[in-house]
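Participant: Here's my sequence, what's the structure:
(one chain, ligands or ions: 2)
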Amino acid sequence: MQAIILAGGYGTRLAPLTYTKAKPMLPLLNKPMISYLIEALPNGVEVIVAANYKNEQLQEYFDENGINAMVVKEEKPLGTAGAVKNAEKYIDGAFLVLNSDIISSLNMRKFIQYHMKKKAFVTISLWPVKNVEEYGVVDLQPDGRIMRFVEKPPRHEAPSNLINAGAYCMEAEVLDYIPPKKFVSMEMEVFPKIIDDGKPFYGYTFDGYWIDVGRHSSYIEATRVLLKKKGLKYFAGKSEIKGKLRESTIGDRCIIHEGVMLNSCIIYDGCVIEKNVRMENCIVADNCIIEENARLKNVVVGEGEKIGKNAVIEDEKIWNKPLPVGYPRKQIGNPVRR
Ligand code: GDD
Ligand code: MG
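Facilitator: Numbering: from 1, shown residues only. Ligands and ions are numbered 1, 2, ... in the order given. Presented below is the predicted three-dimensional model:
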């Protein structure tokens, strides 16, 4: 069996972090988030990573860490279904599709067993949320069958509070629903068509946790949940730490000076946080300098930036360099309709 990990897209909601890193390479407790998905797969499942933007970072990570995964490139983003079609020649039967920006307790083995038992054409994992308008929402029958799938509906039109949790088990014939070499959305085109055709389309709910790491606040939340699961107050790589840390992670080669207080922060590699800096709910990408006494709240600092002495910043994204070539100004794919 193969698992196609959807690791393309620009991750625009996570800019400026994604100006320099592919979204699946953003670290969670100092490990790229894609590694959590790969570790959750049952033995023997072949990993295929469908990627475009900055795919060379993924290949490099797999090579350096002896991870057995194949990167299938798209010249340009083909959408969530187009990317799967692009990997068709590597698929030899029922297969998995996984969004790469999700951290969850979904048991893949049980998920696959459920799909087989139901003799489903497609099974998708489901999770209840409040902010349904940001997700794909389903109408689930008591027997587990899904009669309707709507991507990002306005809240009052959502058929339930159960959303697509971003893991699918599919029969190989699903590939016949996807035209080749085109931008095709699984959620907006393929799922509704399969349901319309009356194919057995099932939903699988599970317990534990599910976190969408697609935006800054949920990225910080995911870090908090993983720290709690490990019973840790903070997590640090090979770094020099003299300040105080709460629910935060620090990469390698950082210096956190005296008097610093970090609360719910994610600090990547090679950062210097100078004396008496206070930060809350902040993400700081690689090789940044935060100078003495700065006060930062809900701030995301892009790679290689410097924040001056005594700065007071709230609710901002810091990036003072040109945008990477070809990076879209707006979210493409499946934006929320407001
Ligand atoms: N290879 C490839 N090519 N991957 C892509 C492309 C593409 O063109 N576009 C998006 N992806 C990847 C993203 O990297 C992500 O892992 C996944 O496909 C889903 O895309 P997102 O852009 O993150 O979509 P979303 O968060 O708005 O909505 C999706 O996820 C929700 C759950 O978090 C949908 O699947 C919703 O239905 C779902 O509820
Ligand atoms: Mg997402």
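Participant: need the strands for the stretch 101-250 of the chain, in chain order.
Facilitator: All strands of the stretch 101-250 of the chain, identified by DSSP state E, counting those that start in this stretch, fall at 102-104, 122-128, 136-140, 146-151, 162-170, 201-205, 210-212, 234-236, 240-241, 244-246, 248-250.
Participant: any chance of those strands in JSON lines, plus mean neighbour count and mean pLDDT?
Facilitator: (Glycine included, C-beta is placed from N, CA and C.) Formatted as JSON lines, these follow (neighbours: other C-beta atoms under 10 Å; pLDDT from 0 to 100):
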{"stretch": "strand 102-104", "mean neighbour count": "22", "mean pLDDT": "93"}
{"stretch": "strand 122-128", "mean neighbour count": "23", "mean pLDDT": "98"}
{"stretch": "strand 136-140", "mean neighbour count": "21", "mean pLDDT": "97"}
{"stretch": "strand 146-151", "mean neighbour count": "19", "mean pLDDT": "97"}
{"stretch": "strand 162-170", "mean neighbour count": "24", "mean pLDDT": "98"}
{"stretch": "strand 201-205", "mean neighbour count": "22", "mean pLDDT": "98"}
{"stretch": "strand 210-212", "mean neighbour count": "21", "mean pLDDT": "92"}
{"stretch": "strand 234-236", "mean neighbour count": "18", "mean pLDDT": "97"}
{"stretch": "strand 240-241", "mean neighbour count": "14", "mean pLDDT": "98"}
{"stretch": "strand 244-246", "mean neighbour count": "17", "mean pLDDT": "96"}
{"stretch": "strand 248-250", "mean neighbour count": "27", "mean pLDDT": "98"}
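Participant: right, so of those, which gets closest to ligand 2?
Facilitator: When those are compared by C-beta to the ion, strand 210-212 sits nearest ligand 2, at 5.7 Å.
Participant: okay, and for the stretch 51-200 of the chain, where does confidence drop off?
Facilitator: Filtered on pLDDT under 70, the stretch 51-200 of the chain yields no residues whatsoever.
Participant: which ones are touching the residue of it at minimum distance from ligand 1?
Facilitator: Nearest to ligand 1, among the residues of the stretch 51-200 of the chain, is residue 136, at 2.5 Å (C-beta to the nearest ligand atom). For residue 136, the contact set (C-beta atoms under 8 Å, 6 or more residues apart in numbering) comprises 149, 150, 151, 152, 163, 164, 187, 191.
Participant: just checking, the fifth one touches residue 125?
Facilitator: No. Counting by C-beta atoms under 8 Å, residue 163 stays clear of residue 125, with 9.7 Å between them.
Participant: Does residue 92 touch residue 48 like I think?
Facilitator: No. Checked against C-beta under 8 Å, the pair residue 92 and residue 48 is beyond contact range at 11.3 Å.
Participant: can you list residues touching both of those two?
Facilitator: residue 2.
Participant: which one of these two has more residues nearby?
Facilitator: residue 48 (24 against 10; other C-beta atoms under 10 Å).
Participant: Let me see the backbone angles for the more buried one.
Facilitator: Backbone geometry at residue 48, expressed as degrees, to the nearest 10, gives phi -120, psi 120.
Participant: what pairs with it across the strands?
Facilitator: residue 4, residue 70 (DSSP bridges).
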